[in-house]
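Novice: Next come a sequence and a model predicted from it.
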Amino acid sequence: MLKFFKKIFTNDKHYPALYAIGAGLYPIFFYYSNNFTLVNTLMHLGYFIIMFLVVPIVLFVVINWCSKLPVLIKWRKYILPFSNIFLFLFLLKVCLYGDFQKKISLTILILSFVIAYFLHKEIKKIVVIQLLLAIIGMFTLVSTVINQNSKSKEWMVQPDNIAQVVFKKKPNVYYIQPDGYVNFSELNKGLYNIDNVKFEEFLKTNNFKYYNNFRSNYAFTLSSNSSSLMMKHHYYKNVDEYREVLFDRDIVISKNTVLDVFKNNNYKTHFLTEMPYLLLSKPEMGFDACNIDYDDISYIGRGFGEIKDILQPLTKYMEVEIEKPKFFFIQILAPGHITGQKAGSKGVEWEKSIWKKNLKRSNEMLTKTVAKIIKQDPEALIIITADHGGYVGMEYTLDAYTKTQDRDKIYSMFSSTLAIHWPNLDAPDYDSTLKTSVNLFRVVFSFLSQDNSYLSNLQSNSSYVILRKGVSKGVYEYIDENGNIILKKYQSKLSLDAN
């Protein structure tokens, strides 16, 4: 093998296939290492092999042949070096940003021309460096795969038999999740101080019961939904290097306790969403129906973009198999939260103004959706609740990783709207236990089964965050059982030690 490579790198011949492999191999390992939970399927592996290796190899072979044409012969020494450098940098850009960006792409184009012009004689050394990076990336990926596969699922085990709960009441259940919609108790004061009376009156008119001071237990969509749908705390125990990892979308979309319970009670299950964020890894579809086809989801991206219609498929699925009870998980990607990165922020007040505009769209969508359900299904159980807060009052979302003891900023992260349309206005007297999202479905299932014994295993109402700045890195309890701001570092399942 060493003799083979020595022969290649000590002669003057070009090797287009090897140059293509050098350009594409490291970006594959780089993307997989940093996004393994998004691409851990055979479909993704096939895509990356074809698009990052096979297509470039064919393209480079054709380019090499074309470079021998008389019109290009004087530029031949630059063409393959340029192609290798441009593809390498461009694929890394795609892996980092997930979409096409004109300015960055233009910069890469110019930089590739410059490097190829001055270093075309060193192209084989450049390829050697690329292959060495690929080897390092391979070891990093192996470590990532081992780490992912060794993660414990113990936290998913229920303390009782609620997974086998039998419903005595079987209304259609609509779980509507407007992303980042804070509770009215925060919306009407403090950092938000936004007039939302019109929508509040709409809910009252349609017999919704509102739950003030409700909040999430985790501050981001995947971590919050993982906990809510499993009805258990995970305490971020599977995070790497104290950063918010992408929790397996398999938990949310493929299999969780809430979905299992509805299926066990013969419900038809539906997932309707405006954007494929929760579907980005193309997890096995655990719901009976979804409004987005996996063929329409890109293999590289962030899961945002064009807003998909949810009202038409909602109407469609409501009207079929009306003899069977139905569960709908409806995700509305508004009002959302403020911009994620510091570089993209335009300041606290600007971010608040954008969130306020998005709140208007959220209210419009919620109004249309609820009106449609109430008209066609007046005895439905409708739950409107957010996954987390909107982060208004902060400059950017990822500032959540920096320690603060500002009560309003912390509640801006965790405060979550909760309004429930109980069938026939029959709210259970124990709905006062609805404080945080981890216990939401345990209370709902107690109501549907008419079995209060499940309330004996309510989870802690504490809220948790990952902190990396201003304090030793770790998972911290930010809000305690009673809603007080605290700072306790999570140590184990049984112990929370003061920091």
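Specialist: Here it is on my side, so go on.
Novice: my guess is residue 443 contacts residue 457, does it?
Specialist: No - Residue 443 lies out of contact with residue 457 (Cβ atoms under 8 Å); the separation is 11.5 Å. The way it works is simple: take the backbone N, C-alpha and C, and place the C-beta from them, glycine included.
Novice: Spit out the contact partners of residue 422.
Specialist: With contact taken as Cβ atoms under 8 Å, 6 or more residues apart in numbering, residue 422 is in contact with 209, 381, 428, 447.
Novice: and the third one, how many neighbours?
Specialist: One way to gauge burial is a neighbour count; for residue 428, by other Cβ atoms under 10 Å, it gives 17.
Novice: any idea how far residue 433 is from the closest residue to it other than its chain neighbours?
Specialist: What sits nearest to residue 428 in space, not counting adjacent residues and going by Cβ to Cβ, 6 or more residues apart in numbering, is residue 447, at 4.8 Å. In this view, residue 447 and residue 433 are 11 Å apart by Cβ to Cβ, to the nearest Å.
Novice: so residue 466, which of the three states?
Specialist: strand (DSSP: H, G, I helix; E, B strand; the rest coil).
Novice: neighbours around it, how many?
Specialist: The number of residues near residue 466, taken as other Cβ under 10 Å, comes to 22.
Novice: And the one 10 residues further on, by the same measure?
Specialist: Residue 476 sits with 21 neighbouring residues when counted by other Cβ under 10 Å.
Novice: Surely it touches residue 487?
Specialist: Yes - with contact defined as Cβ under 8 Å, residue 476 counts as touching residue 487 (5.9 Å).
Novice: Give me the local confidence score for residue 148.
Specialist: pLDDT recorded at residue 148 is 72.
Novice: Not counting residues beside it along the chain, what's closest to it?
Specialist: residue 36 (5.7 Å).
Novice: Just to check, the one you found is in contact with residue 144?
Specialist: Yes - between residue 36 and residue 144 a contact is recorded at 5.2 Å, counting by Cβ under 8 Å.
Novice: that older thread, more crowded one of residue 447 and residue 433?
Specialist: residue 447 (23 against 15).
Novice: Would you check that that one makes contact with residue 169?
Specialist: Yes - Residue 447 lies in contact with residue 169 (Cβ under 8 Å); the separation is 7.4 Å.
Novice: how many neighbours does the nearest residue in space to residue 237 that is not next to it in sequence have?
Specialist: Using Cβ to Cβ, 6+ apart and skipping residues adjacent in sequence, the residue nearest residue 237 is residue 155, 6.4 Å away. For residue 155, the tally of surrounding residues (other Cβ under 10 Å) stands at 16.
Novice: Also residue 367?
Specialist: So residue 367, with other Cβ under 10 Å, has 15 neighbours.
Novice: Once you drop chain neighbours, what's closest to it?
Specialist: residue 202 (5.8 Å).
Novice: Secondary structure class of that neighbour, three-state.
Specialist: Going by three-state DSSP: residue 202 is helix.
Novice: was I right about residue 413 contacting residue 465?
Specialist: Yes - in this structure, residue 413 is within contact of residue 465 by Cβ under 8 Å, at 7.2 Å.
Novice: shared neighbours, the two?
Specialist: Joint contacts of residue 413 and residue 465 (Cβ under 8 Å, 6+ apart) are 219, 400, 478.
Novice: Out of those residues, list just those in strands.
Specialist: Of these, the ones assigned to strands by DSSP state E are residue 478.
Novice: Could I get the shared contacts of residue 413 and residue 465 in TSV, plus columns for neighbour count?
Specialist: Rendered in TSV, the data for the shared contacts of residue 413 and residue 465 read as follows (neighbours: other Cβ atoms under 10 Å):
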residue	neighbour count
219	26
400	26
478	24
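Novice: Can you tell me which of the shared contacts of residue 413 and residue 465 is closest to residue 110?
Specialist: residue 400 (36.8 Å; Cβ to Cβ).
Novice: contacting residues for the closest one?
Specialist: Taking Cβ under 8 Å, 6+ apart as the criterion, residue 400 is in contact with 219, 391, 394, 413, 465.
Novice: hmm, 10 Å instead?
Specialist: For residue 400, the contacting residues are 219-220, 244, 337, 340, 388-389, 391, 394, 409-410, 412-414, 465-468, 478, by Cβ atoms under 10 Å, 6 or more residues apart in numbering.
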